[in-house]
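**Q** requesting a structural model of the entry that follows:
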Amino acid sequence: MLNVFLPNEHVKSVFEVSPSKLKELGIKGVITDLDNTLVEWDRPSATPELVEWFKEIKEQGITVTIVSNNNEKRVKEFADPLGIPFIFEARKPLVRAFKRAVKEMGLQKDEVVVIGDQLLTDVFGGNRSGLHTILVVPVAQTDGFFTKFNRLVERRILTWMKRRGMLYWED
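**A** Sure thing, here's the model as predicted:
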């Protein structure tokens, strides 16, 4: 039952997701969360390292769409300077925003990966949408109110999975 919360991959940061490897695997699109996946939830813009990573993604011919539960102002101020399309107030883990992102990229589900820092929103929603999911360690150790609750639940799910030998990575 809890397999829907199990990501296909786990990495320490988005920088461990190699654009050239994605291309080799036939990936043409990336759906990524914003807050605590790409940057800290309170950082208004991309870091130079992140700008370079997006540049490498683009050079590989891969399209990126940011799908965030945050409000339009927050997501737009981050995404617009980078020229990255976005979906705000996505209501993840509902699948509607994931399906919309895939459709707007003009891709098939097997050509898209989801990158995010939360099991209960990014991984659960991506898995329910039939997409390959990559869980990243949160960029910041602080969270907003609702995310703090999600993290509590996530820890319990991860502990349960670990006890059953379902996890293949270390904390």
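**Q** going by C-alpha atoms from here, please, whenever you check contacts or count neighbours.
**A** Noted.
**Q** least confident secondary structure element in the chain?
**A** None of the helices or strands of the chain scores lower by mean pLDDT, DSSP states H and E than helix 145-163, at a mean of 72.
**Q** what about the helices in the chain?
**A** For the chain, helices defined by DSSP state H occupy the ranges 19-24, 48-59, 72-79, 96-105, 124-128, 145-163.
**Q** need the ones you listed in TSV (columns: mean neighbour count and distance to residue 5).
**A** Converted to TSV, the helices of the chain look like this (neighbours: other Cα atoms under 10 Å; distance: least, Cα to Cα, whole Å):
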stretch	mean neighbour count	distance to residue 5
helix 19-24	16	22
helix 48-59	15	26
helix 72-79	17	25
helix 96-105	18	16
helix 124-128	23	5
helix 145-163	13	8
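**Q** nearest to residue 66, of those helices?
**A** helix 72-79 (7.6 Å; Cα to Cα).
**Q** point out where this structure drops to low pLDDT.
**A** Within the chain, the ranges that satisfy pLDDT under 70 run 1-2, 141-149, 151, 167-171.
**Q** ok, residue 130 to residue 116 distance?
**A** Applying Cα to Cα, to the nearest Å, the value for residue 130 to residue 116 is 15 Å.
**Q** more neighbours: which of these two?
**A** A direct count of neighbours by other Cα atoms under 10 Å for residue 130 and residue 116 places residue 116 higher, at 30 against 15.
**Q** list the contacts of that one.
**A** 32-34, 37, 122-123, 133-136 (Cα atoms under 8 Å, 6 or more residues apart in numbering).
**Q** any chance of these in CSV with neighbour count as columns?
**A** Shown next, in CSV, are those (neighbours: other Cα atoms under 10 Å):
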residue, neighbour count
32, 24
33, 25
34, 26
37, 22
122, 30
123, 27
133, 26
134, 25
135, 23
136, 24
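**Q** among the residues you listed, which pair sits farthest apart?
**A** So, the contacts of residue 116 by Cα to Cα: farthest apart are 34 and 133, at 15.0 Å.
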